[in-house]
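# Let's see this in three dimensions:
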Amino acid sequence: MKWETVIGLEVHTQLATRSKIFSGSSTAFGAAPNTQASAVDIALPGVLPVLNKGAVECAIKFGLAIGATLNRVNIFDRKNYFYPDLPKGYQISQLAQPIVEGGALKIVVDGEEKTVRLTRAHMEEDAGKSLHEDFHGMTGIDLNRAGTPLLEIVSEPDMRSSAEAVAYAKALHTLVTWIGICDGNMMEGSFRVDANVSVRPVGQAEFGTRREIKNLNSFKFLQQAIDYEVRWQIETLEDGGRIEQATVLFDPDSGETRMMRSKEDAHDYRYFPDPDLLPVKLDDAWIARVQDELPELPAAMQARFVEAYGVSAYDAAVLTGSRALADYFEAAAQACGQGKLAANWVMGELSAALNRADLGIEQSPVSAAQLGALINRIHDGTLSGKLAKQVFEGLWEGTGEVDAIIEARGLKQMSDSGELEKIIDEVLAANPKSVEEFRAGKDKAFNALVGQVMRATKGRANPAQVNDLLKAKLG
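Predicted coordinates for the structure are as follows:
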């Protein structure tokens, strides 16, 4: 039997506010346990929540960015469950009337574009954190995260492979960091993914029973967890077993998922409107002001890059992988006026060097202006592509600016015809066998002669000029 995978993702995005969603406590990462938990966060008797306006504006930005419907009146609900790191015994969330409904995000997988629909995005507070590693036979509770503002972004079950799920998660990560509503730090828990996974026979309309993989904090683990879960579900069904709805965890060490608890449905949480919080009302003026604060979005920038800089659609997609990368490319392209060449260098030599050094584009030792100056020297014939790589190394090492490095290292490309002809004559005289082989129809002999000329000039000869002069002399 052939099986089809069905995947929907729920992404918990920590909103980039300085204080929590219902209190003035700090959201800064890394503080000592329980030092950022106020009376509101730990639910002392008599305290009342006060909504953080900044969190609402983050949600509005997201809704506008994905073309969703913003509910002009949205309400907070209490989601009731009992867990040691949930001090109130309920979580404040949104169910019946979330702030964002609908919308879509485009992804590209194996060169094919696909649209993933979004169901909703709602504001809620985070729970605290249970600490197991540092306590022998006990569990510690850190309530610093309790009350941290989250936007839970729920997709429709539109994805059919782990590759599509990862592409969607990456596109979402790019978007929320691009518009500045989340720092995107997955290791610190700012962007956490839950994957709902099921399988069904190909052609069957009804969905299979899903299992939810919780708290995946890397794209690599997301792909590995889904791939394992799909294999496990198919093997279970083919062996005559049945899938039970459950919440599971992924163990990166074993590469396996394991059941944590049976999966609850909405009615199990006994949702009801929170009596301590008024409905949130959005008016046209507020939405218009937030709309004006949105930057140019990735899709619009991709189209502009193709039009303005002559790059391919694929290149434009890569270059808008992050706001910082897009800004760097555009600055370099404007500095040299050579969009395609700038794209090649940013995605090629620069990206490779950053990867080797484990640096982000923001930490690049080579500035966009410096890269633009280097590309100018390639374009005006001062440098060949090979010599330019040596200049790039000098820029990376901080030994000077482009022209100074060229001068200090004697890297200026040799373009004087008379000087080149003299060297070519010497190479032809020293390699009569290669000359004879070329005239006998062996193209490899020509490449060998070009190599000899480049060697004689220490790589400084203009390769195109060498080719033309050699062909003229060889007839």
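# Could you chop the protein up by domain?
With domains defined by automatic domain parsing, the chain comprises 3-286, 296-409, 417-474.
# Span of the first one from start to end?
Between the opening and closing residues of domain 3-286 we find a distance of 48 Å, counting by C-alpha to C-alpha, to the nearest Å.
# Could you do the second one as well?
For domain 296-409, the first-to-last residue distance is 42 Å (C-alpha to C-alpha).
# For residue 35, give me its contacts.
residue 144 (C-beta atoms under 8 Å, 6 or more residues apart in numbering). For every residue, glycine as well, the C-beta is placed using N, CA and C.
# Could I have the CA atoms of the longest helix along the chain written out in CSV?
In the chain, assigned by DSSP state H, the helix with the most residues is helix 219-238. C-alpha atoms of helix 219-238 as CSV (Å, rounded to 0.1, in the frame of the first residue of the first chain):
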residue,chain,number,x,y,z
PHE,A,219,15.1,22.6,11.6
LYS,A,220,17.3,19.5,11.6
PHE,A,221,15.4,17.9,14.5
LEU,A,222,12.1,18.9,12.8
GLN,A,223,13.0,16.9,9.7
GLN,A,224,14.4,14.0,11.6
ALA,A,225,11.4,13.7,14.0
ILE,A,226,8.9,13.8,11.2
ASP,A,227,10.8,11.2,9.1
TYR,A,228,11.0,8.8,12.0
GLU,A,229,7.4,9.4,13.0
VAL,A,230,6.1,8.7,9.5
ARG,A,231,8.1,5.5,9.3
TRP,A,232,6.9,4.4,12.7
GLN,A,233,3.2,5.1,11.8
ILE,A,234,3.4,3.3,8.5
GLU,A,235,5.1,0.3,10.0
THR,A,236,2.6,0.2,12.8
LEU,A,237,-0.4,0.2,10.4
GLU,A,238,1.2,-2.3,8.1
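# May I see the buried residues of it?
219, 221-230, 232-234, 237 (16 or more other C-beta atoms under 10 Å).
# What ranges in the chain fall below the confidence cut-off?
413-417, 475 (pLDDT under 70).
# Next, the contact list for the closest residue to residue 149 other than its chain neighbours, please.
Nearest residue to residue 149, sequence neighbours excluded (C-beta to C-beta, 6 or more residues apart in numbering): residue 21, at 3.6 Å. Contacts for residue 21 (C-beta under 8 Å, 6+ apart) come out as 15, 49, 51-52, 55, 92, 123-125, 147-150.
# same for the strand or helix carrying residue 470, what does it pack against?
In this structure, residue 470 sits in helix 463-474 according to DSSP states H and E. The helices and strands touching helix 463-474, judged by 3 or more C-beta pairs under 8 Å, 6 or more residues apart in numbering; DSSP states H and E, are helix 417-430, helix 432-439, helix 443-456.
# Show me what the shortest one is in contact with.
Going back to what we said before, that points to helix 432-439. Contacts for helix 432-439 (C-beta under 8 Å, 6+ apart): 428, 444, 445, 446, 448, 449, 452, 474, 475.
# I'd like to know which of those residues are buried.
Using 16+ other C-beta under 10 Å as the burial test, the contacts of helix 432-439 include 428, 445, 446, 448, 449, 452 as buried.
# Tabulate these (CSV), appending distance to residue 385.
Formatted as CSV, the buried ones among the contacts of helix 432-439 follow (distance: C-beta to C-beta, whole Å):
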residue, distance to residue 385
428, 25
445, 24
446, 20
448, 20
449, 20
452, 19
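# Going by residue numbers, what spans are helices in the stretch 301-450 of the chain?
For the stretch 301-450 of the chain, the helices defined by DSSP state H, counting those that start in this stretch cover 313-319, 323-336, 339-345, 351-357, 368-379, 385-397, 402-409, 417-430, 432-439, 443-456.
# quick one, which of these is nearest to residue 287?
helix 323-336 (22.6 Å; C-beta to C-beta).
# Now do the buried residues in that closest one.
323, 325, 326, 328, 329, 330, 332, 333, 335, 336.
# from the chain's centre, how far out does it sit?
Mean C-alpha position of helix 323-336 versus that of the full chain (C-alpha atoms, centre = their mean, to the nearest Å) differs by 18 Å.
# send the alpha carbons of that helix over as PDB?
Only the C-alpha atoms of helix 323-336 are listed here, as PDB (Å, rounded to 0.1, in the frame of the first residue of the first chain):
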ATOM      1  CA  ARG A 323      16.800  40.900   6.500                       C
ATOM      2  CA  ALA A 324      20.500  41.300   7.300                       C
ATOM      3  CA  LEU A 325      21.600  39.300   4.200                       C
ATOM      4  CA  ALA A 326      19.200  41.200   1.900                       C
ATOM      5  CA  ASP A 327      20.500  44.500   3.200                       C
ATOM      6  CA  TYR A 328      24.100  43.400   2.800                       C
ATOM      7  CA  PHE A 329      23.500  42.300  -0.800                       C
ATOM      8  CA  GLU A 330      21.700  45.500  -1.700                       C
ATOM      9  CA  ALA A 331      24.400  47.700  -0.300                       C
ATOM     10  CA  ALA A 332      27.100  45.700  -2.200                       C
ATOM     11  CA  ALA A 333      25.100  45.800  -5.400                       C
ATOM     12  CA  GLN A 334      24.600  49.500  -5.100                       C
ATOM     13  CA  ALA A 335      28.300  50.100  -4.400                       C
ATOM     14  CA  CYS A 336      29.400  48.400  -7.600                       C
END
